[in-house]
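> need a 3D model of the following:
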Amino acid sequence: MWKRKVLFAAVTAASLWTALPASAQIYIDVAPPAPRYEVVPAPRAGFVWQPGYYEFRNHHHVWHNGYWVKERRGMYWHPSRWEQENGRYVFRHGSWDREKYVMHGNGDRDHDGVPNRADRDRDGDGVPNKYDRAPDNPHRQ
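Residues are numbered from 1 along each chain as shown. Okay, the predicted model is just below:
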């Protein structure tokens with residue numbers, strides 16, 4: 001009988017210490033500091049650069065240096081970033097997507113981590129102005 005209790009206690013303790021899944025979103029009220037300046041290394045074949053970003057750990061923003069991510073052919077890397085939703089901040093981990101210009105829930109169309117009306121997509125079609133043949137007309141590209 002005591003062996004069952006010990007086993008039950010061990011399983012319960014292990015489940016309490018299990019990390020949150022990557023998809024779990026944590027919302028905070030404190031804006032992250034401005035990104036630090038980083039020297040981006042020269043391009044590396046077969047890899048894409050993940051710029052540095054702030055993580056929120058133990059009630060503080062902690063800087064995480066940039067790093068290389070192994071390339072996935074036919075996919076686009078969307079870097080880790082902070083987004084603002086309903087007056088709060090949420091951290092989005094870097095991810096791969098088949099779409100180059102993915103619309104995120106907050107309107108950060110150019111994935112620079114700054115979701116605001118000063119974003120670099122005037123017509124809101126999801127294509128940054130520098131790649132858009134008609135940046136003021138969402139019906140023509």
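
> tell me where the protein has helices.
2-16 (DSSP state H).

> where does it have low pLDDT?
For the chain, the stretches flagged by pLDDT under 70 are 1-24, 101-126, 136-141.

> for the closest residue in space to residue 44 that isn't next to it in sequence, what are its contacts?
Spatial nearest neighbour of residue 44, excluding adjacent residues (C-beta to C-beta, 6 or more residues apart in numbering): residue 68 at 5.9 Å. (C-beta placed from N, C-alpha, C; glycine too.) By C-beta atoms under 8 Å, 6 or more residues apart in numbering, the contact set of residue 68 is 41, 44, 47-50.

> turn those residues into JSON lines, columns for distance to residue 72 and neighbour count.
Formatted as JSON lines, the contacts of residue 68 follow (distance: C-beta to C-beta, whole Å; neighbours: other C-beta atoms under 10 Å):
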{"residue": "41", "distance to residue 72": "20", "neighbour count": "11"}
{"residue": "44", "distance to residue 72": "15", "neighbour count": "10"}
{"residue": "47", "distance to residue 72": "11", "neighbour count": "14"}
{"residue": "48", "distance to residue 72": "9", "neighbour count": "17"}
{"residue": "49", "distance to residue 72": "14", "neighbour count": "16"}
{"residue": "50", "distance to residue 72": "13", "neighbour count": "18"}
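
> which of those residues lies closest to residue 73?
Comparing those against residue 73 with C-beta to C-beta places residue 48 closest, at 11.5 Å.
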